[in-house]
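S.K.: Using only what follows, build the 3D model:
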Amino acid sequence: MKSIAGEIDTPALVLDASAFERNVSRMAEIAAAAGIQLRPHAKTHKSVEIARAQLKAGAVGICCAKLGEAEVLGDAGIQGLMVTSPVVTANGIRRLVSLNQRVEGLSVVVDDLANLHGLVAELEDQDKPLRVLIDIDIGQERTGVRSHRKALELAAAIEACRHLQLVGVQGYAGHLMHVEDSDAREVLVKLAMTELQGYVMVLREQGHALPIVTGGGTGTFEFDIAAGVLSELQTGSYVFMDTQYREVQRPDGAQWPFEQALFVYTSVISVNNDGWVTTDAGLKAFATDGPNPEVWSDELRGSDYAFFGDEHGMLIVEEGTPRPQLGELIVCAAPHCDPTVNLYSDYHLVRDGELLRTLPIDARGRSA
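M.R.: Alright, predicted model coming up:
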């Protein structure tokens, strides 16, 4: 990427418009070719405009990890929203029911009868039913029912309530997204999808139609598709990619079909130490749950980047590489895209080295 030094204040979150657009198109093409629907996850980008781009490319709706994300997108006119975590607090349920009145195609997952009873109580005076899916634990052990008996119990309770509509099941194997070895990841996905298929078969045998079987993700999408269990994919990070995903091996050593599109730009603010230069992007500028930031600037590839405090970074230049100058712009790939995005208020949209405009991160900070 070409430098746009002087046009932005750093640290800045930068989105390569061309790479992003290709990523959106490629995933849509992959899903269409496989005959599977796409309901991408907004937890990655938290952006109304990006959600619209995904829908325009053929997505049937948008997933949201948090109710707050769904409220922001729904009030901006986005339809077909699915909240992929249970909403259980009294106030959260009130907000969910209110949102259901304002948007079309809203759905939410449940994994507990107590949660179901809370939803029913709030829906008592409503005419419009709430669409629900049974969340199934297929190995992540985070949320979801863990027995066929519990799934059948929930399904029967949902079907018995005129205020609820059972539309499917969710089985998300998030714990498999970053299994580095491709063969191991494939085996584990097959096991998880076989378990999900068992739930689907049991529920359908008891007369529950389940038009939606949703799950999958960027790290496992090919194996998710091949298993033939899901009716739709919840891929999210493909729009941006990050260092964590690019470290995951692809089948037969193939290249990722998605490009690195999300970057953090930082500036050199001190060159007074012989061993390194200091930048203005520290712990507050990058997600810190994964690898350190990866230096992407062509002339500095291979240099090490380390955190130097809340506001500062340390760039250790490889021997023989010219040291960056004071004020020089350094481009880093996002190490983990989702939580990195949540640190910023907007994207700087760049194409061929030119700053096009800023794009608000509309649902930034909506953690509930």
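
S.K.: Only C-alpha atoms from now on, for both contacts and neighbour counts.
M.R.: Will do.

S.K.: who does residue 133 bridge with?
M.R.: For residue 133, the beta-bridge assignment (DSSP bridges) gives partners residue 109, residue 168.

S.K.: Is it correct that it is in contact with residue 107?
M.R.: Yes: using Cα atoms under 8 Å, residue 133 is in contact with residue 107, at 7.2 Å.

S.K.: more crowded one of these two?
M.R.: More neighbours surround residue 133 than the other of residue 133 and residue 107, with 27 against 21 (other Cα atoms under 10 Å).

S.K.: list the contacts for that one?
M.R.: 107-110, 166-170 (Cα atoms under 8 Å, 6 or more residues apart in numbering).

S.K.: Would you format the residues you listed as CSV with pLDDT included?
M.R.: Shown next, in CSV, are those (pLDDT from 0 to 100):
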residue, pLDDT
107, 98
108, 98
109, 98
110, 98
166, 98
167, 98
168, 98
169, 98
170, 98
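
S.K.: The stretch 251-368 of the chain: helices as residue ranges?
M.R.: Applying DSSP state H, counting those that start in this stretch to the stretch 251-368 of the chain gives helices spanning 337-341.

S.K.: no no, the stretch 1-150 of the chain
M.R.: Ranges of helices within the stretch 1-150 of the chain are 17-34, 48-56, 67-75, 90-102, 113-123, 148-159, based on DSSP H, counting those that start in this stretch.

S.K.: buried residues in the third one?
M.R.: Going by neighbour count (16 or more other Cα atoms under 10 Å), the buried part of helix 67-75 is 67-74.

S.K.: Tell me the one among the residues you listed nearest to residue 124.
M.R.: Residue 124 lies nearest to residue 67 out of the buried residues of helix 67-75, by Cα to Cα, at 20.5 Å.

S.K.: how close does that closest one sit to residue 95?
M.R.: Look at residue 67 and residue 95: by Cα to Cα, to the nearest Å, they are 8 Å apart.

S.K.: okay, now residue 87: neighbour count?
M.R.: Neighbour number of residue 87 under other Cα under 10 Å is 23.

S.K.: And residue 303, by the same measure?
M.R.: Counted with other Cα under 10 Å, the neighbours of residue 303 add up to 16.

S.K.: Nearest spatial neighbour of it, chain-adjacent residues omitted?
M.R.: Leaving aside its chain neighbours, residue 303 sits nearest to residue 317 (4.8 Å; criterion: Cα to Cα, 6 or more residues apart in numbering).

S.K.: again, but for residue 90
M.R.: Leaving aside its chain neighbours, residue 90 sits nearest to residue 118 (7.5 Å; criterion: Cα to Cα, 6+ apart).

S.K.: so who does the residue nearest to residue 143 when sequence neighbours are not counted touch?
M.R.: Distances taken as Cα to Cα, 6+ apart place residue 137 nearest to residue 143, at 6.1 Å, with adjacent residues excluded. The contact partners of residue 137, taken as Cα under 8 Å, 6+ apart, are 143-146, 171-172.

S.K.: Enumerate every residue touching the residue nearest to residue 303.
M.R.: By Cα under 8 Å, 6+ apart, the neighbours of residue 317 are 275-276, 300, 303-304, 323.

S.K.: what do you get for residue 263?
M.R.: 13-16, 331-334.
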